[in-house]
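In: Okay, predicted coordinates and the sequence, questions at the end:
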Amino acid sequence: MALVSIRNLTKTYQRGPERVDVLHGLDLDIAAGDFVALMGPSGSGKTTLLNLIGGLDTPTGGEISVDGQRIDAMKAGQLAHWRSQNVGYVFQFYNLMPMLSAQRNVELPLLLTNLSGAQRKRNAEIALTLVGLADRRSHKPNELSGGQQQRVAIARAIVSDPTLLICDEPTGDLDRQSAEEILGLLQTLNREHGKTIVMVTHDPKAAEYASHTLHLDKGTLVEQVVHAA
């Protein structure tokens, strides 16, 4: 059974008098434990698809099921709760709180849970250790490199043990060496920790770290490339 199941998915935006059709009846299955790279030209719908899978947006039509739950049918409050329980997000520009330490940044998603302060701290320490930043937990974002900041963002994304990791151009603001370190970390989270990852990227080298690549063009799935292990 697919972890993510999408059927006849459509998304339309209204820009003034203009109707913009972004996704056109898209069908897609993503297995549990998969690492999928979404590629395509600007305007192809890849970020829209990513946001729909992650519950950050709602479709105009069609169905999206994640782990057996129809997220397209959820109301705003239900969807917000579902996101907090099931999805970790990694963005291009880290989105860290500048006045908080790395550890406190990682703890933020846990503030929505019933965990004690001590348990939140412990879970954040485990996540930071997993991304190789245990020795930087007291540092604030401006005391860290770009690659280290993205590692903190990944730790924050995984601290609540989400079902899905949603990554939008996670290496787009990094130099090649830092990018490869982040991609290697994502690959480790996928292969050794079983995380299901969906990543938008413009970089073919980044896509090679995924298990396969989906190419979109004008809101339609045009190609799927399976990578060698």
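Out: Nice, thanks for sending it over.
In: going forward, measure contacts and count neighbours with C-alpha atoms only.
Out: OK.
In: Low-confidence bits of the chain, can you list those?
Out: For the chain, the stretches with pLDDT under 70 are 227-229.
In: Just give me the residue right at the centre of it.
Out: With the centre of the chain defined as its mean C-alpha position, the nearest residue by CA atoms, centre = their mean is residue 166, 1.1 Å away.
In: residues touching that residue, list them.
Out: Residues counted as contacts of residue 166 (CA atoms under 8 Å, 6 or more residues apart in numbering) are 50, 54, 87-90, 197-199.
In: 10 Å - rerun?
Out: By CA atoms under 10 Å, 6 or more residues apart in numbering, the contact list for residue 166 reads 36, 50-51, 53-54, 87-91, 157, 196-200.
In: ok, what's across the strand from it?
Out: Assessed by DSSP bridges, residue 166 has beta-bridge partners residue 89, residue 198.
In: quick one on the thing from earlier: and the two most separated of the contacts of residue 166?
Out: Maximum pairwise distance among those (CA to CA): 17.1 Å, between 36 and 157.
In: Look up how far residue 88 lies from the closest residue to residue 185 other than its chain neighbours.
Out: Sequence neighbours aside, residue 131 is the residue nearest to residue 185 in space, at 7.0 Å (criterion: CA to CA, 6 or more residues apart in numbering). Residue 131 is 15 Å from residue 88, where distance means CA to CA, to the nearest Å.
In: Who has more neighbours out of these two?
Out: residue 88 (25 against 21; other CA atoms under 10 Å).
In: Could you report the distance from residue 130 to residue 162?
Out: 15 Å.
In: Please disregard the earlier target; I meant residue 35.
Out: The gap separating residue 35 from residue 162 is 14 Å, by CA to CA.
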